[in-house]
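Visitor: pasting the sequence and the predicted model now:
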Amino acid sequence: MLTGIFAARNIMGERNDLWSVNTEKEYHEETREGSGHAGDRLVPSRIGVDHVSDELISAAFAKLDPLALGIAVGTVIGLGLLLLTVVLLFKGGEVIGPNLSLLGNYFPWFATTWSGAFVGMIEGGIFGFGSGIFIAWLRNWLLEAYARLLKDRADFKSQQNLIK
């Protein structure tokens, strides 16, 4: 930041040396003595069984918010159905949207009319909202079961190491 301030002041007419900012040895990052040599690639390594914690597992498997996913999916499906119906209504023709009108089998009050488009938006939004909540719940449940399996496996391996 100091370099930026000095640069702005230089534009206004001052004469500051930008290359002399933060050149003190204490400013630079510390170097760690390690087993690697300079220029060696850093490669990810496995986490040992004794390092597995609940925080690590919960960070790796973040949960979805069911309400947020329900609102998002409901909005997309509802507005998508409205948009498709409106495009077909503007297009017109002798028979309007025979394939899209088949959605009336799933959404009881949907039709390829102007009022049916808005009813379809509401019905599609409700269907999408319920689907989004269910998908988020199912994903969270499956990830929780998988994380529990990983934790149990790590605990089992750590107990095996204690016995040996």
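Guide: Okay, I see it. Residues are numbered from 1 along each chain as shown.
Visitor: for the residue positioned nearest the centre of the chain, which non-adjacent residue is spatially closest?
Guide: With distances taken as CA atoms, centre = their mean, Leu64 lies nearest the centre of the chain, 8.5 Å away. Leaving aside its chain neighbours, Leu64 sits nearest to Ala136 (4.1 Å; criterion: CB to CB, 6 or more residues apart in numbering). Backbone N, C-alpha and C define where each C-beta goes, glycine included.
Visitor: which strands and helices sit next to the helix or strand the one you found falls within?
Guide: Using DSSP states H and E, the element containing Ala136 is helix 114-163. Packing partners of helix 114-163 (3 or more CB pairs under 8 Å, 6 or more residues apart in numbering; DSSP states H and E): helix 54-60, helix 66-91.
Visitor: dump the helix or strand of the chain with the lowest mean pLDDT to PDB, restricted to CA.
Guide: Least confident helix or strand of the chain, by mean pLDDT, DSSP states H and E, is helix 54-60 with a mean of 71. Extracted in PDB, the C-alpha atoms of helix 54-60 (Å, rounded to 0.1, in the frame of the first residue of the first chain):
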ATOM      1  CA  ASP A  54     -14.700 -33.700  12.500                       C
ATOM      2  CA  GLU A  55     -13.900 -30.200  11.400                       C
ATOM      3  CA  LEU A  56     -11.800 -31.500   8.500                       C
ATOM      4  CA  ILE A  57     -14.600 -33.800   7.400                       C
ATOM      5  CA  SER A  58     -17.300 -31.100   7.700                       C
ATOM      6  CA  ALA A  59     -15.100 -28.700   5.700                       C
ATOM      7  CA  ALA A  60     -14.600 -31.300   3.000                       C
END
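Visitor: now find how far off-centre that helix is within its chain.
Guide: 16 Å (CA atoms, centre = their mean, to the nearest Å).
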